[in-house]
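Novice: can't give you the sequence, but here's the structure:
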Ligand SMILES: O=C(O)CCC(=O)C1=CC=C[C@@H](O)[C@@H]1C(=O)O
Ligand SMILES: [Mg+2]
């Protein structure tokens, strides 16, 4: 059900109290964290850490994102560092493993990064990687299904299939893994594309749920998916939706189940995702917030790596707060002076007038 309340704007204004640009940039430092496995076409993740009065925050729109899109990411960082992430209504969040588009022989090593594979509640498997085939995807699925027989399975195509390719692939996945498939995330581009595919799947009697990701986080109107009945659930990430409060409101107004996922954040940024998961009224699926496991280096001494299939929500003095970055780790992974200026310019552009 979609409420008739006014839709939240895509680029939320900075939350109050609105810090000045100088306050935001004071102590801001950009770092480059190498990845264990190539993911989303990246071998290293660059993020900018901001030091707010209420704790550390992260500003990390992907390199191709430009203002005004990045304004939502800055609003999310300002919320974390200057307004605060609130109290933990849940203390532990179930976490899915995230499997990049690796060959079957690498699947086991990646899964161990998310704790004992026997404790993993669900695995999200990247599919439709450019240059790979449906056979490659099925082989990766088969291997994950074999290694974690207790886990639910999800595919994430990042809008990489056409309608026909998606029908073929989802039919094959359903034949292979049946009821273990929890959902398929953004198989095709756009909101209409999802809606058409959902109808076609239903017409074929294929009861595979669809999740919207890019159709929510990159859309002008994140609630359109719900309005058109284009997906069974939505994937929400705090930074592109303007922060924890704004994202929680989108979930509430959508009336759909939600899965909270990371934006491939460091453990500082992941804290906001955990805060969002801790705030939602219902959390029927494990969340995609275990991605510190995909980073080979981190900025904190105890990265947020899941244990027994869960992550504890980090808190200090009764409120949710990111773990403190270690100054030595920050110094080790600092970007060049030129790159630091590039990140500062992005903050300025996101801040706007
Ligand atoms: O959801 C997860 O399991 C981890 C997060 C994840 O998959 C993503 C993080 C960052 C960028 C995205 O391309 C990707 C996604 O599509 O969901
Ligand atoms: Mg996705």
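Specialist: Good, I have the coordinates. The structure presented is a predicted model; accordingly, all values stated were derived computationally and were not measured. Residues are numbered from 1 along each chain as shown. Ligands and ions are numbered 1, 2, ... in the order given.

Novice: quick one: the strands in the chain?
Specialist: 29-39, 42-52, 55-59, 92-94, 97-99, 122-126, 152-156, 181-185, 210-212, 233-236, 257-260, 310-312, 315-316, 319-320 (DSSP state E).

Novice: nearest spatial neighbour of residue 225, chain-adjacent residues omitted?
Specialist: Leaving aside its sequence neighbours, residue 225 sits nearest to residue 212 (CB to CB, 6 or more residues apart in numbering; 4.4 Å). All C-beta spots, glycine's among them, are computed from the backbone N, C-alpha and C.

Novice: list the beta-bridge partners for the one you found.
Specialist: Beta-bridge pairing for residue 212 (DSSP bridges): residue 234.

Novice: quick one: contacts for it?
Specialist: 185, 186, 191, 194, 225, 230, 231, 233, 234, 235 (CB atoms under 8 Å, 6 or more residues apart in numbering).

Novice: which residue does the chain bring closest to ligand 2?
Specialist: residue 213 (3.6 Å; CB to the ion).

Novice: okay, that residue and residue 171: tell me how far apart.
Specialist: Relative to residue 171, residue 213 is positioned 21 Å away (criterion: CB to CB, to the nearest Å).

Novice: the residue lying closest to residue 240 once chain neighbours are set aside - how many residues pack around it?
Specialist: Nearest residue to residue 240, sequence neighbours excluded (CB to CB, 6+ apart): residue 217, at 4.2 Å. A count of nearby residues for residue 217, using other CB atoms under 10 Å, gives 23.

Novice: residue 217 contacts residue 237, correct?
Specialist: Yes - using CB atoms under 8 Å, residue 217 is in contact with residue 237, at 5.7 Å.

Novice: quick one: pLDDT of residue 88?
Specialist: As predicted, residue 88 sits at a pLDDT of 85.

Novice: ok, the nearest residue to it once chain neighbours are set aside - contacts?
Specialist: Leaving aside its sequence neighbours, residue 88 sits nearest to residue 313 (CB to CB, 6+ apart; 4.5 Å). Applying CB under 8 Å, 6+ apart, we find residue 313 in contact with 88, 90, 91, 92, 93, 271, 274, 275, 277, 278, 320.

Novice: neighbour-wise, which of these leads?
Specialist: residue 275 (33 neighbours).

Novice: these two touch, right, that one and residue 244?
Specialist: Yes - the criterion here is CB under 8 Å, and residue 275 meets it with residue 244 at 4.9 Å.

Novice: which residues do the two both contact?
Specialist: Common neighbours of residue 275 and residue 244 (CB under 8 Å, 6+ apart) are 80, 85, 86, 238.

Novice: settle this for me: the last one is touching residue 277, isn't it.
Specialist: No - contact between residue 238 and residue 277 fails when scored by CB under 8 Å: they sit 9.4 Å apart.

Novice: find residues that contact each of the two.
Specialist: What both residue 238 and residue 277 touch, as defined by CB under 8 Å, 6+ apart, is the set residue 260.

Novice: ligand 1 versus residue 243, what's the distance?
Specialist: Relative to ligand 1, residue 243 is positioned 17 Å away (CB to the nearest ligand atom, to the nearest Å).

Novice: pLDDT score assigned to that residue?
Specialist: At residue 243, the predicted lDDT confidence score is 97.

Novice: cool, and residue 4?
Specialist: At residue 4, the pLDDT value in this model is 37.

Novice: can you check residue 217 too?
Specialist: pLDDT for residue 217: 88.

Novice: likewise residue 17?
Specialist: For residue 17, the model assigns a pLDDT of 69.

Novice: find the closest residue to ligand 1 in the stretch 51-200 of the chain.
Specialist: In the stretch 51-200 of the chain, the residue that lies nearest ligand 1 is residue 98 (3.5 Å; CB to the nearest ligand atom).

Novice: count the residues that sit near the nearest residue to that residue once chain neighbours are set aside.
Specialist: Excluding the flanking residues, the one nearest residue 98 by CB to CB, 6+ apart is residue 124, at 5.1 Å. Using other CB under 10 Å, the number of residues around residue 124 comes to 26.

Novice: and residue 124, how far from residue 200?
Specialist: 23 Å.

Novice: cool, and residue 246?
Specialist: 33 Å.

Novice: looking at the two, which is more packed in?
Specialist: Neighbours were counted for residue 246 and for residue 200 using other CB under 10 Å; residue 246 has more, 24 against 15.

Novice: nice, that's everything, thank you.
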